[in-house]
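Engineer: One predicted model, sequence on top.
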Amino acid sequence: MWKKSKVTEQTASGQADPGVHFHAGLSDCKVVIGEAAELECKLSNEDCKGMWYKNGEEIKSDEGITISKEGSFHRLKIQKVTEEYAGKYKFEADGRKTEALIVVEDPPRFDAEELEAFKKTVTVKRGHKAIYKLPFIGREPIKVQWYLDGEELSDEANIKLEHSDGSSRLILTKLQRKDSGEVKIKLKNEYGTIEALSQLIVLDKPTPPMGPLEIVDASSSVIEFKWRAPKDSGGCKIGNYILERQQIGRNTWKKVGPIGPEPTYRDTDVDHGRKYCYRIRVETELGTSEIMETEDIQAGTKAYPGPPSAPKVISAFKDCITLAWSPPANTGGTNILGYNLEKRKKGSNLWGLVNPSEEIIRAKGYAVKDVVEGMEYEFRVSAINTSGAGEFSTPSEFVFARDPKKAPGKVQDFKVTDSTYTTLSLSWNKPREIEGMKDEAKGYFVEIRPAESTEWDRCNSIPITMTSYTVKGLKSLAMYWVRVVATNDGGEGEAQELDTYILATPPPVRPRFTDAKIKSFMVVRAGNSARFNINFEASPWPDITWQKDGGRVSKKVTISNTEGQSQLLIPSAERTDTGIYTIILKNIVGQETFSIEIRVTDEPKSAGPVELDENVPGTVTISWSPSPDEKRDDRLHYMVTKRDSVKRQWHSIADRIFNNRFTACNIMPGREYQFRVYAKNDMGSSKPSESPKWFIPSKKGKCTCICVCMCERE
């Protein structure tokens, strides 16, 4: 790590001098002990000389330090850094100075020759010990850790760790084959970490050979079989397999002897019909494995081969049909000697042998020339071993004895007729037919390829005869390439591909709301939930946004969007939730909006005190203070009721009053009146606010108003 030092440019008097100055000062440096270190600065004047200091004392060139000057560059080089070279260095010239630190680091390190020796693979035999030792240098304390196959080691019964200054030793005793692996030493101190790796191989005798046994031949005169090599050869090369043989029914085992390193054996000393069992061991330089014993193998049993594969038509002409097939999986324990081939005309129940009975077919194919032009045939084949002919294969596909047809051309007018998020409907017209050529299409294959793939997948395994098809199971909004291939007896024609990829999505539809009638106003009692559902259609799926009064909806509001529907839910609605709620649907085709006014209200609070006043004889003016809910509920109004001392029944004299005053007429002298004022809204009426009692004497005189009761307040 390098760091710029402090550069001081002052004269002896402390005043800045515009003369000589530093173009580049010294830089701090960190250096590993034993390596070289160099400090360099550059002055503005090549003729200026300077002096070097360490920790305030002047230093000059000696055996370990070289001081040099090249033009305006001044350098101090330490050839091989030791700890005593650490400190603060200063260069001073013409009253200017620059300083830097040399920090000497001493991380753990290995000697190169010792490290190369440590890296060499250590090979020991089972039960022996392995010793690893590696000297190191570095500033103490150094933490030393040993690992075997990634697992840290500690002192145990068979593990011993010895540490000393500058060295560490690992001793592994009574080693087993499973102890083989990577040995690692890791050193760490305050300056860094270092690791070294080696390999440990513990040799042991091999594990037994592995099955299952594969019988190559089991005829009347020979038994031949194979097996698999051992799972673990013990770290050594396999020298031999040692075999013993027992004839079933006898108690003795006959030593066959070492047979070499190949896991196969051919026994020619067998009697027809007898059964034999074999023991197999693996031999290496470290010993012999446990045995693997085979199952009983019979020499010369009557075991017929299984059926070959169904014959495949290679070519078909009016006078020759060429076929090929694969040998049976079950050979019956012996080699396949040849095959019999049979043919049958379509509509017939009779099979006829193609090859002469005394001449079996040696190859795995045959050219059938005994055919009649225009006839349709199928074929089957059976395998033959020393026991005889086995089971026939499944028949081939029917094939005409005629010269091959020409494959059809490309389909015409290939297009997409409909699409959804998971399906794609296609249509096309038949390929154009060439006059005189038998190239009429008999069917079609539809193939599809995801945009990110290079492989075409066939949608239908059997050719379809219709000129339309619906591909299903697509991924929503995924991109696909699509093509159609026409086919006939002459083969498959050239594929017709759409010019561009198809997006798995319905055709574009501008957003629109589908409900026949949508209410645009909703009243909700405070404390209840407000729920509004609206149905729509759009393609592709639109961005759905809800707003309240042109801004964001409250965090308490829940918006749920499903296929073709959006729901707004306000749980425990409050009066502050009142407002105009707007849904905005937007996709690539267009945008649609709808607004609903949601009014959250409750039974209003009562009006304030009621006052009575006579402005005109025979009337009384009732006035009251507004209900506290009047400002936030523009549908709030008032109703006034009246009773007098004669009728004693309350009855309404005015309703839907949108101010705070009403004048009652026909007020008769000599009767006592009382009035009530109710605040009303969509949720109901408040408790009444009652007026004082009002009385005008029959005789002329001064009116007296007697207050009997106070107005009710909530």
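Structural biologist: That came through fine.
Engineer: wait, isn't K364 in contact with W325?
Structural biologist: Yes: with contacts counted by C-beta atoms under 8 Å, K364 reaches W325, the gap being 5.8 Å. C-beta: built from backbone N, CA, C; applies to glycine.
Engineer: Quick check: neighbours shared by these two?
Structural biologist: Here K364 and W325 share the contacting residues P308, Y339, scored by C-beta atoms under 8 Å, 6 or more residues apart in numbering.
Engineer: higher neighbour count, the two?
Structural biologist: W325 (24 against 18; other C-beta atoms under 10 Å).
Engineer: Test my guess that the more buried one contacts P308.
Structural biologist: Yes: if you go by C-beta under 8 Å, W325 and P308 touch, sitting 4.8 Å apart.
Engineer: which intervals of the stretch 101-250 of the chain have sub-threshold pLDDT?
Structural biologist: Within the stretch 101-250 of the chain, not a single segment meets pLDDT under 70.
Engineer: ranges for the helices of it?
Structural biologist: For the stretch 101-250 of the chain, the helices defined by DSSP state H, counting those that start in this stretch occupy 112-119.
Engineer: all strands in the stretch 601-714 of the chain, in order from the N-terminus.
Structural biologist: Under the criterion DSSP state E, counting those that start in this stretch, the stretch 601-714 of the chain carries strands at the ranges 610-613, 620-624, 637-644, 651-657, 661-664, 672-681, 684-685, 689-690, 694-695.
Engineer: So which residues make contact with the first one?
Structural biologist: Translated: strand 610-613. Contact with strand 610-613 is made by 620-624, 675-677, 689-692, 694, 705, 711, as judged by C-beta under 8 Å, 6+ apart.
Engineer: Can you flag the buried ones in these?
Structural biologist: Among the contacts of strand 610-613, those buried by neighbour count (16 or more other C-beta atoms under 10 Å) are 620, 622-624, 675-677, 689-692, 694, 711.
Engineer: now the residues you listed in TSV, with distance to I142?
Structural biologist: What follows is the buried ones among the contacts of strand 610-613, written out as TSV (distance: C-beta to C-beta, whole Å):
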residue	distance to I142
V620	108
I622	101
S623	98
W624	95
F675	102
R676	99
V677	96
S689	93
E690	98
S691	101
P692	102
W694	108
C711	94
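Engineer: Export these as a markdown table, with columns for pLDDT and distance to E373.
Structural biologist: Below are these laid out as a markdown table (pLDDT from 0 to 100; distance: C-beta to C-beta, whole Å):
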| residue | pLDDT | distance to E373 |
| --- | --- | --- |
| V620 | 93 | 123 |
| I622 | 92 | 118 |
| S623 | 94 | 118 |
| W624 | 93 | 114 |
| F675 | 93 | 118 |
| R676 | 93 | 114 |
| V677 | 93 | 113 |
| S689 | 91 | 114 |
| E690 | 91 | 118 |
| S691 | 90 | 120 |
| P692 | 92 | 125 |
| W694 | 88 | 126 |
| C711 | 35 | 118 |
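Engineer: Just list the residues touching V81, thanks.
Structural biologist: Contacts for V81 (C-beta under 8 Å, 6+ apart) come out as V31, V32, I33, G34, E35, A36, A37, I102, V104.
Engineer: Swap in 7 Å and give it another go.
Structural biologist: V31, I33, G34, E35, A36, A37, V104 (C-beta atoms under 7 Å, 6 or more residues apart in numbering).
Engineer: close enough to count as contact, P511 and P540?
Structural biologist: No: counting by C-beta atoms under 7 Å, P511 does not reach P540; the two are 10.3 Å apart.
Engineer: shared neighbours of W325 and P308, which are they?
Structural biologist: Here W325 and P308 have V381, S393 as joint contacts, going by C-beta under 7 Å, 6+ apart.
Engineer: low-scoring stretches of this protein, by residue?
Structural biologist: Using pLDDT under 70, the chain drops low at 1-18, 301-302, 436-437, 699-714.
Engineer: ok, the closest residue to A93 other than its chain neighbours - contacts?
Structural biologist: Nearest in space to A93, with sequence neighbours left out and distances taken as C-beta to C-beta, 6 or more residues apart in numbering, is G50 at 3.1 Å. G50 is in contact with H74, F91, E92, A93, counting by C-beta under 7 Å, 6+ apart.
Engineer: V81 versus the first one, what's the distance?
Structural biologist: It refers to H74. H74 is 19 Å from V81, where distance means C-beta to C-beta, to the nearest Å.
Engineer: How about the second one?
Structural biologist: If you measure F91 against V81 using C-beta to C-beta, the figure is 18 Å.
Engineer: List buried residues within the contacts of V81.
Structural biologist: V31, I33, A37, V104.
Engineer: of all the residues you listed, which two lie farthest apart?
Structural biologist: I33 and A37 (10.2 Å; C-beta to C-beta).
Engineer: With that, I have no additional questions.
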